[in-house]
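S.K.: after the sequence you'll find the predicted model.
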Amino acid sequence: MTTVPVAAPPIRPARAGDVATIAALLTDATTTDPVAQWLVPDPAERQHTFHGLLAMEIDHAVEWGHVDVTLDMTAVAVWHRHPTPGAAPLADYHLSTFTGRALPRFQQLHNLIRRYRTVAPHHWLAWLHVTPDARRHGIGRTMLAHHHHQRADQLGHPIDTIATTTTARDHLTRQGYHAGTPLRLPDGPQLWPLRRAGRPVPLTTEAG
């Protein structure tokens with residue numbers, strides 16, 4: 001029997017009214033994420049912690065970065081631009097508001113990532129999530145290419161991200177990202193930094 005490809009659902013920019021729904025969607029993703037499990041081992045505490053953190057981050061990204069969602073809310077991509085002049089930074093104060101006793105581990109994670117991050121202009125893929133039932137239809141690939149790959153290419157900027165599973169790492173390498181030296185949390189799981197090199201759009205000239 002021939003398998004009929006399923007078209008990816010339409011994609012739109014997220015709005016402020018979507019923040020709660022997106023935060024809930026990504027909080028569900030932390031249930032099986034090894035880094036999230038290391039950060040907050042208790043499942044109930046993890047849900048509470050990440051829901052607050054993610055609502056704050058998504059709200060910030062909607063205003064200062066860019067967030068794409070599918071119309072059926074089965075997929076989301078969260079992007080940040082660096083530098084972002086005028087944007088209010090998410091400081092350790094905001095982190096401590098939601099993390100409670102897990103704050104030391106969140107600080108270890110953030111310090112590890114900061115040592116990897118560049119200060120040169122770049123785009124940062126913070127989250128790419130497709131719900132399990134919607135996977136294997138090319139939605140993740142479409143989410144990447146739909147908006148931000150094109151925008152980053154127009155600017156000639158690279159895109160950086162961190163993968164927390166080999167599945168995510170391998171998916172991104174198939175989309176043109178290159179994995180760097182793995183990072184390891186103290187007594188914790190491994191992370192994979194990835195970069196998609198800047199691809200400046202060539203200037204066209206008229207024949208004279």
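M.R.: Okay, I see it.
S.K.: what residue, apart from its backbone neighbours, is nearest Leu34 spatially?
M.R.: One thing to correct before we go on: residue 34 is Pro, not Leu. Leaving aside its chain neighbours, Pro34 sits nearest to Pro189 (4.2 Å; criterion: Cβ to Cβ, 6 or more residues apart in numbering). Any C-beta I mention is one placed from the backbone N, CA and C, and that applies to glycine too.
S.K.: kindly report the same for Pro186.
M.R.: In space, Pro186 is closest to Gln108, 6.1 Å off (Cβ to Cβ, 6+ apart).
S.K.: re earlier: and the gap between the residue nearest to Pro34 and Pro182?
M.R.: 10 Å (Cβ to Cβ, to the nearest Å).
S.K.: swap in Thr167?
M.R.: Thr167 sits at a distance of 15 Å from Pro182 (criterion: Cβ to Cβ).
S.K.: same thing with Gly156?
M.R.: 28 Å.
S.K.: cool, His146 as well?
M.R.: Taking Cβ to Cβ as the measure, His146 falls 29 Å from Pro182.
S.K.: okay, those two: which has more neighbours?
M.R.: His146 (18 against 11; other Cβ atoms under 10 Å).
S.K.: mind listing the residues bridging to the closest residue to that one other than its chain neighbours?
M.R.: Closest residue in space to His146, ignoring its immediate chain neighbours: Ile11 at 4.9 Å, by Cβ to Cβ, 6+ apart. Assessed by DSSP bridges, Ile11 has beta-bridge partners Thr70.
S.K.: isn't Ile11 right up against Thr70?
M.R.: Yes: using Cβ atoms under 8 Å, Ile11 is in contact with Thr70, at 5.6 Å.
S.K.: okay, and the common contacts of these two?
M.R.: Met143 (Cβ atoms under 8 Å, 6 or more residues apart in numbering).
S.K.: which of those two has more neighbours?
M.R.: Legend: neighbour count by other Cβ under 10 Å for Ile11 and Thr70, higher for Thr70 (21 against 17).
S.K.: many thanks, I have nothing further to ask.
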